[in-house]
Each structure stands twice: as structure tokens, then as C-alpha cells.
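1. return a 3D structure for these sequence lines:
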Amino acid sequence: MTATAAAPPDLAARLAGARAAEAPLRERVAELEGTLHQAVAASDYDTAARLQRDLPAARAELVCAGAATASLQAGQDLIDRQQQAEREAIEVQRLRDEARARVPLHQQAEREGFAELDRLAERLTADIRTLQATMRAVTAAEAGVGQARNRLAGDLVACGDRPGPVMPVPPPNRLSAQIENDPTLRRIRDWAGR
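-> So this is what the prediction gives:
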């Protein structure tokens, strides 16, 4: 046999009932007070005396009803604050749990990002090394052209096509001068790497 749980009290209905019960009592006290003032103003002291006897009981009922209403309202306010605090605590915990669930994804993204940076750094280093090799090849090619020029000049003098003596001919330096005059290319040329 299962026990059925008692339904929780309907505080909103009780509060509405307390307010509804208080309203006619408030009207009754106001009516008695108004009549008392009229009786005094009319010098009807017998009516005033009777009303003075009736008013304390009416006021006591109003105070009790008002206290019940105030007590129920305070209880409702307390429950509302507690529920709001619980909702906020649940939301904070939910956001924390969601953030905690995303942490591994961000950690994986960070690891992948660092791996990509390492690959790019290796590629950049290789590209710089290739560019440096090209710059060295430029210097060697210019030196080779200079040597060919000097051999040509010597052979032209030797075969009599030019008058002697053979003067040294400088190698071309168009590309090496461009490298030397460009700060970026010069830094790349001189970069020692990691």
C-alpha cells in the first residue's frame, strides 16, 4: 500500500482568502468609526457609548485578520526569495557545468593550435633556409659571371681581339646589392634560425 503525500498548502489561495476576509472587517471598523464621529457631532452620546463598546471587538478582529494577511504575505515573500535564490544557484551551477564540459574541447583546440604553430614554424624555417640558399646561389652565380668575364677578357687579349693588359672585370652585383640594400632581405640572409 502506498501512502499518498498530502498536497502542499496553496499559500496564494490562503493569502487571497485572508485578504478577502480582512476587507469587510476593515469596512466594518471604518463604518463604526464614521458613525461614532457622526454621533459625537450630533451630541448623540448614547449611540456614541454603544459604538465605543462595539469598536474594540471589531478592531481586534481586524487586527487578527490583518496579522494573518501580513503573516501569509511575509511567508509568500520568503518563499519567493528562496525560490529565486535556488533558481540563481541552479543557473550558476548549470553554467559552471557547461563551461567544465567545454574545457576538454578548448584544451584539444589549444593542443591542435600549438601543433599547427610548430608545423608552421618548421615550414617558415625551411622557407627561410630555402631563401638563404637562393641568396647564396645568387652570390655564387654573380661570382661565376665575374670569373667568366675575367676569363673572356683574358682570352680576348690573348687572341688579339683586344689590346692588353687585361684589367680585372668586377662581377655583376645587381641582386646582391638589392639584398644588401633591403633591410628585410638582409635580416633574412643573416638569420641564424632556431
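2. farthest residue from the center of the protein?
-> Using C-alpha atoms, centre = their mean, the residue of the chain lying farthest from its centre is Gly160. It sits 85.3 Å away.
3. how about it, secondary structure?
-> coil (DSSP: H, G, I helix; E, B strand; the rest coil).
4. for it, what are phi and psi?
-> Main-chain torsions, Gly160, degrees, to the nearest 10: phi 90, psi 10.
5. where does the prediction get shaky in the chain?
-> 1-8, 194 (pLDDT under 70).
6. how about the helices in it?
-> Here the chain has its helices, by DSSP state H, at 11-41, 45-158, 174-181, 183-190.
7. tilt between the first one and helix 45-158?
-> Helix 11-41 runs at 140 degrees relative to helix 45-158, counting by axes from the mean of the first three to the mean of the last three C-alpha atoms, to 10 degrees.
8. in helix 11-41, what counts as buried?
-> Leu15, Ala18, Glu22, Leu25, Arg28, Val29, Leu32, Thr35, Leu36, Ala39 (16 or more other C-beta atoms under 10 Å). C-betas here are computed from N, CA, C, even on glycine.
9. Gly113: which of these is nearest?
-> Leu15 (58.5 Å; C-beta to C-beta).
10. the closest one and Ala70: what is the separation?
-> Look at Leu15 and Ala70: by C-beta to C-beta, to the nearest Å, they are 10 Å apart.
11. over to Ala137?
-> 96 Å.
12. tell me, how many residues neighbour Leu131?
-> 14 (other C-beta atoms under 10 Å).
13. so what's it up against?
-> Ile188 (C-beta atoms under 8 Å, 6 or more residues apart in numbering).
14. follow-up on the earlier one: which among the helices of the chain is found nearest to Gly164?
-> Comparing those under C-beta to C-beta, the one sitting nearest is helix 45-158, at 4.5 Å.
15. and Leu32, what does it touch?
-> Contacts of Leu32 (C-beta under 8 Å, 6+ apart): Leu51, Asp54, Leu55, Ala58.
16. ok, Gly182 to Pro172 distance?
-> Rather than Gly, residue 182 is Asp. According to C-beta to C-beta, Asp182 stands 17 Å off from Pro172.
17. quickly note the distance from the closest residue to Leu72 other than its chain neighbours to Ala101.
-> Distances taken as C-beta to C-beta, 6 or more residues apart in numbering put Leu15 closest to Leu72, at 4.4 Å, once the chain neighbours are dropped. According to C-beta to C-beta, Leu15 and Ala101 sit 42 Å apart.
18. okay, the helices of the chain, which one's buried deepest?
-> Of all the helices of the chain, helix 11-41 has the most neighbours on average by mean count of other C-beta atoms under 10 Å, namely a mean of 14.
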